[in-house]
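[1] Turn this into a structure:
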Amino acid sequence: MALTESELKKEKNYLEKTSKEISEQIDILGKQIHVKESELTEFKKVLWEDKGSIDKVEMQTGLMSSELEAGFMLMKMEYYKKLLKVEYSPYFGRVDFKEDNEELKPIYIGLTNVEKDLNYFVHDWRSPIASLFYDYGIGPCKYETPDGDITGYMSLRRQYKIENNKLIRVFDNDLNVVDECLQEVLSESSSSKMKNIVNTIQKEQNEIIRNVSNKHLIVQGIAGSGKTSVALHRIAFLLYKIKNLKSSNVLIFSPNNVFSEYISNVLPELGEDNTGETTFHEFAISYAKEFKKTETFTDFIERFYTGKEANPKLVSFKLSKKMVDVIDNYAKELENSIRITDDIELKIETIEKSYLNKLLKDKYDRLPLFERIDKMAEHLCDKTGVSYGKGKRGFIKQIKERLSIKPNFKKIYEDLYKSNAFISEYKKEESLKLNTKEIKYEDALCFIYLKGLLNGFPYSNLIRQIVVDEAQDYNEMQYIILSKIFKRASFTILGDVNQTINPYIKYDTLEVLTNILNENSKYVELNKTYRSSKEIIEYTNKILGLKYVSAIRKEINIPVKFRDDIKQTENDILTLKEKYKSVAIITKSKQESVMLYERLKEKIEGISLMEDSDKEFNKNLVIVPSYLAKGLEFDAVISYTDKENIYNKNERYLFYVVATRCQHELIVYNPPKAFN
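    The predicted structure follows:
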């Protein structure tokens, strides 16, 4: 709804007033920070130069005072940086709210709060009152506070587009997912980095972002529903909401390095530092140090889709829930059969093997099997009056020498496949010889889990929040490992069972993960897609027989196109490049990507090839294997496969991932036949 001249003038005046206040605060804070930095540096210099003439109490008091000043200065610097981010666009929304029996208040909402003498020019989008903007339209409404719900009435919901402190657009609307602001954002070209969605967060997304009632959240969201954006905005909200939570206390598990780079701008745009990020492969390397190299998830997937895996049945079993039970039972077998075989002979006394076995089997039975050795050694030091250090190391060595099963985890893992625990489930023995240079992906998971059961899972106290993206490609064992290492952390797990590219596992629903995390877990779904056009969604629905997906974008009436002649590839690429900012040619395999790149690199300027080791890529025009396209989006996509390599029924989920990367226009080379 258009504003009257009078209303528009008021808005311009308010923007001018707010911009002036921000500029003044930036100027004041900048001077304070500069002065304090100089004062602190000089103070510490004097303190240490004169430390000989200052007693210890004076020095300690001075240092504590100095650190306190530094803490205040750091807070000011953080706020200073946030003000710089909003200097030319201080807010994006407004609600007029009348609390019961109170006066009506206009509430302006932006990336950070702007306040002077408790008078709020702008409220942080994460503040309790700002939730009104995301959760309600005109009418009765409420928001939560630590002291309880505040109820009232919203009489206006307004959105702004502000650039360089100029009102570009102002419009009023009720709460509606097809509002003008959202459609404007959806119509924009895809960029090389993911953007924040703070001004277009939808109600169902906001409920996930602001949830602090549940320790663990498992989110099933269809392709294009904004899962990753929701996760990142949730991190920003938790950093604002939870006392003493810092970015260093948060760890994100991404599907690959390319994706990590793709999302790297969102938190800084929201005024927060980037968190720790890793892939499960990088994470696994630190827990499987017995091997020089661990196979990547991409190479593991490639092994299946290129037919290089000789025993897919065994791989499938290793990644199944049954394998967790097998390893649990095998660890118990080892615990029951292990024993100390000989006495320990000392100069002053003999420690009999019966006594040692009692320590091993009874006194320290609450500990993981090989973790008991350390406690046994300490006990023997106390018993014999030997000091820790060299004495303890000596006892550890002697205990290990007398164990019937040595803590050689490679050998123990190889023997697993000859054990009763394995044979009773798999129905036959398997021969396994580990390669010391590289361990396969599926073996790395089993190896880490078995080693953790026997040697103890290293506990991480620093990490308090875990985010797992593309959750459908992790098996249950991986979640058990993470939950044991990060015992006290809260988990936000996001995925889509229809985007599974791991051919060995398939969840009917991610809700099953609530049984693993157990403590105060909640499962939620996001069933609206904001990425693709109506035509693309209708086509991708047919791939998997889906019906529940709803399109939000305005219709653009560009049908999905089909090709069977590779000679048209060059022309299609050039045509799409003229129309769109970002174009991807997504191949089924890595081999096809390389082949296509070699054929086109001299003919098409600016074309690039994305590989697993890449951390950055040229999104303008890129050839990418299907396994690396997870989570990315492009204006236009060409799905490319050779005629001899058409997607088959077992690969329909992989094809679904490829086709759903596209926003506006999709071209499919050698389309698969119906999967029904």
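[2] Please count neighbours and contacts with C-alpha atoms only from this point.
    Noted.
[3] any idea which element the residue sitting nearest the centre point of the chain lies in?
    Nearest to the mean C-alpha position of the chain, by Cα atoms, centre = their mean, lies I252 at 3.4 Å. According to DSSP states H and E, I252 maps onto strand 250-253.
[4] Point out the other helices and strands that the next helix or strand after that strand packs with.
    Counting by DSSP H and E, the element after strand 250-253 in chain order, helix or strand, is helix 257-262. Here helix 257-262 touches strand 276-278, going by 3 or more Cα pairs under 8 Å, 6 or more residues apart in numbering; DSSP states H and E.
[5] Buried residues in the strand it packs on, which are they?
    Judged by neighbour count using 16 or more other Cα atoms under 10 Å, the buried positions of strand 276-278 are 277-278.
[6] number of nearby residues for the residue nearest to T436 when sequence neighbours are not counted?
    Nearest residue to T436 in three dimensions, chain neighbours excluded: F291, at 5.4 Å (Cα to Cα, 6 or more residues apart in numbering). The local packing of F291 (other Cα atoms under 10 Å) involves 17 other residues.
[7] mind listing what F291 touches?
    436-439 (Cα atoms under 8 Å, 6 or more residues apart in numbering).
[8] okay if I get these as CSV plus distance to Y240?
    Shown next, in CSV, are the contacts of F291 (distance: Cα to Cα, whole Å):
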residue, distance to Y240
T436, 46
K437, 45
E438, 43
I439, 41
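[9] For these, pick the one with the most neighbours.
    Within the contacts of F291, neighbour counts (other Cα under 10 Å) peak at I439, which reaches 21 neighbours.
[10] can you tell me which residues contact the residue lying closest to F486 once chain neighbours are set aside?
    Distance criterion Cα to Cα, 6+ apart; nearest residue to F486, sequence neighbours excluded, is S460 at 5.6 Å. Listed by Cα under 8 Å, 6+ apart, the contact set of S460 reads 485-487.
[11] Tell me which helix or strand comes right after the least confident helix or strand in the chain by mean pLDDT.
    Least confident helix or strand, the chain: helix 180-187 with a mean of 56, by mean pLDDT, DSSP states H and E. Downstream of helix 180-187, the first helix or strand assigned by DSSP H and E is helix 203-209.
[12] roughly how far is that next one from the heart of the chain?
    17 Å (Cα atoms, centre = their mean, to the nearest Å).
[13] tell me what it is packed against?
    Using 3+ Cα pairs under 8 Å, 6+ apart, helix 203-209 is in contact with helix 131-135, helix 227-241.
[14] let's see 10 Å
    Packing partners of helix 203-209 (3 or more Cα pairs under 10 Å, 6 or more residues apart in numbering; DSSP states H and E): helix 131-135, strand 216-221, helix 227-241, strand 521-526.
[15] quick one: buried residues of that helix?
    Result for helix 203-209 [16+ other Cα under 10 Å]: buried residues 203-209.
[16] Please list the outside residues in contact with that helix.
    Residues outside helix 203-209 that contact it (Cα atoms under 10 Å, 6 or more residues apart in numbering): 126, 131-136, 175-177, 198, 200-201, 217-219, 225-227, 229-238, 492, 524-528.
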